[in-house]
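Asker: just to be clear, the model below is a prediction. Sequence and coordinates:
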Amino acid sequence: MEKIIKTGICSYGMSGHIFHAPFIHVHPGFAFTAVVERSKHSAQQRYPDVKVYASVEEMLQDASLELVVVNTPNYTHYEYAKAALQAGKHVIVEKPFTVASAEGEELTALAKSKGLVLSVYHNRRFDSDFKIVRQVIQSGDLGDLLEAEIHYDRFKEELSYKKHKETSLPGTGCLYDLGSHLVDQALQLFGMPDAVWADIRIIRKESVVDDYFELVMYYDKLRVRLKSNYLVREPLPSYQFHGRKGSFIKTKADTQENMLLQGLMPGAPGWGEEGIHEWGLLHTEKDGKVIRQYLPSPKGNYLEYFDGVHKAIATGAPVPVQPADAVNVIRIIETAFASSKAGQVIPVKK
C-alpha cells in the first residue's frame with residue numbers, strides 16, 4: 001500500500017487554492033488534512049475533511065502532519081520554513097525560495113541535519129511549453145546556441161488586490177515573482193552564467209514595486225535575455241532560441257492554470273494539452289536539408305512534481321527541485337538588483 005503523507009498548507013489564497021490543494025487532494029499518496037485560514041473557511045467548502053487552523057504556529061503543533069507547504073508572502077518563507085523544519089516536518093516552499101540566498105542555504109543545511117525533505121515549488125519546469133523547449137535544446141537541432149530570450153509579460157495597469165504583492169517589502173516585485181520562474185528555467189537549460197546585467201524599473205503609475213525587468217545572463221558564447229513587463233498588450237513569443245543551425249520560437253501556452261481556475265481537478269480530460277495553434281516553430285537544417293515544422297508539446301503536468309516529492313519522502317529518492325537550484329535562482333536575482341543599481345555587468349559568485 002502506498003504511504004499516505006498527511007499534508008498541511010500554510011495559506012489558502014490563490015497559491016493554496018489553485019496550485020497546491022488540488023494536486024495534494026487527487027494524489028493517492030497525500031492526504032490534505034490541515035490548512036491555515038484566519039477568517040474564511042473556504043478550504044472546508046471544497047475539502048470537508050480538512051482541519052482549519054488560525055495560524056501557522058498552531059498548525060505546526062499538529063503532530064500528525066508530515067509535510068507542510070509554505071506558500072505565505074515571500075518575506076515570510078524563511079521564517080515559516082525554518083519553523084516547520086524545526087517542528088520535524090518535511091517542507092515544500094513556494095517560489096521564490098527565500099528573499100536572500102543566505103537564508104536558503106541555512107534552510108538547506110537545517111533540512112539536511114534533520115534528515116528532512118525540503119523542496120521548492122518551481123512548477124513551471126512542468127509546463128508543456130517548457131517541456132518542448134527543453135527537448136529542442138537538448139536535441140542539438142539548433143547547433144551551438146548563440147542567443148536565447150524568455151518572456152513572461154502581462155497587461156495590467158491596475159495594482160493587484162493582493163496587497164502584500166504591491167507593498168514595498170523584501171521579496172516583492174516582478175523579478176522575485178515572475179522572474180524567479182524565468183531564472184529557474186534559464187538555469188535548468190544553461191547552468192549558472194558568468195555574469196549578469198539588469199535593468200529593473202517601476203512603470204505602472206501607482207506602483208511602488210518593480211513591474212519591469214530586462215536581465216541578460218552572460219555565458220561563453222551565449223547570451224540569455226529574460227524579460228517581464230506588466231504593460232504588454234500584444235506580447236512577443238515567450239521563447240526564442242537561435243543557434244548556428246536554426247531557431248525555435250514558442251508561445252507560453254500551458255493550459256493547467258486556466259483549467260485550475262475553471263475549477264477542474266488535475267487529470268481532467270485534456271489536462272495540460274496545448275492546442276495545435278500553440279505548437280512551437282522549429283526552423284533548422286538536418287543532413288543538408290532545411291526543415292521548417294511545428295512541434296507538438298508534451299502534456300504539462302504539475303502532478304509530476306508532487307510524485308517526485310512523495311517518492312523523496314517515501315523512498316529517499318531525490319526531490320524534483322533541489323533547494324540548491326532554488327538558492328541559485330535567488331543568487332541571480334540578488335546579482336540582478338546589484339547590477340541595476342550600479343548600472344554595470346556584475347560577475348556571478350559560484
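Answerer: Received it, and whenever you're ready, just let me know what you need. Being a predicted model, the structure only gives us computed values, none of them experimental. Residues are numbered from 1 along each chain as shown.
Asker: now do the SS call for the nearest residue to Lys299 once chain neighbours are set aside.
Answerer: Leaving aside its chain neighbours, Lys299 sits nearest to Gly272 (3.9 Å; criterion: Cβ to Cβ, 6 or more residues apart in numbering). The way it works is simple: take the backbone N, C-alpha and C, and place the C-beta from them, glycine included. Classification of Gly272 by DSSP: H, G, I helix; E, B strand; the rest coil places it in coil.
Asker: tell me the spacing between Gly272 and Ala21.
Answerer: 18 Å (Cβ to Cβ, to the nearest Å).
Asker: got it, and Ala324?
Answerer: To Ala21, Ala324 is 27 Å away according to Cβ to Cβ.
Asker: those two: which is more packed in?
Answerer: Ala21 (23 against 11; other Cβ atoms under 10 Å).
Asker: what helix or strand does that one sit in?
Answerer: helix 21-26 (DSSP states H and E).
Asker: what residues sit buried inside that helix?
Answerer: Residues Ala21, Pro22, Phe23, Ile24, His25 are the ones in helix 21-26 that count as buried (16 or more other Cβ atoms under 10 Å).
Asker: contacts only, for the last one.
Answerer: What that stands for is His25. Phe32, Tyr47, Met265 (Cβ atoms under 8 Å, 6 or more residues apart in numbering).
Asker: among these, name the ones in strands.
Answerer: If you go by DSSP state E, these have Phe32 in strands.
Asker: phi first, then psi, for the closest residue to Asn123 other than its chain neighbours.
Answerer: Distance criterion Cβ to Cβ, 6+ apart; nearest residue to Asn123, sequence neighbours excluded, is Tyr302 at 4.9 Å. In terms of degrees, to the nearest 10, the main-chain angles of Tyr302 are phi -70, psi -20.
Asker: quick check: pLDDT value at the most far-flung residue of the chain relative to its centre.
Answerer: Of all residues in the chain, Gly288 has its C-alpha farthest from the mean position, at 39.0 Å, by Cα atoms, centre = their mean. Per-residue pLDDT puts Gly288 at 91.
Asker: and what of Met1?
Answerer: 53.
Asker: any chance you could map the helices in the stretch 251-350 of the chain?
Answerer: Using DSSP state H, counting those that start in this stretch, the helices of the stretch 251-350 of the chain run over residues 256-261, 303-315, 323-342.
Asker: out of those, which is the most enclosed?
Answerer: helix 323-342 (a mean of 20; mean count of other Cβ atoms under 10 Å).
Asker: roughly how far apart are the most centrally placed residue in the chain and Ser180?
Answerer: Closest residue to the average C-alpha location of the chain: His122 at 3.0 Å, with Cα atoms, centre = their mean. With distances taken as Cβ to Cβ, His122 is found 8 Å from Ser180.
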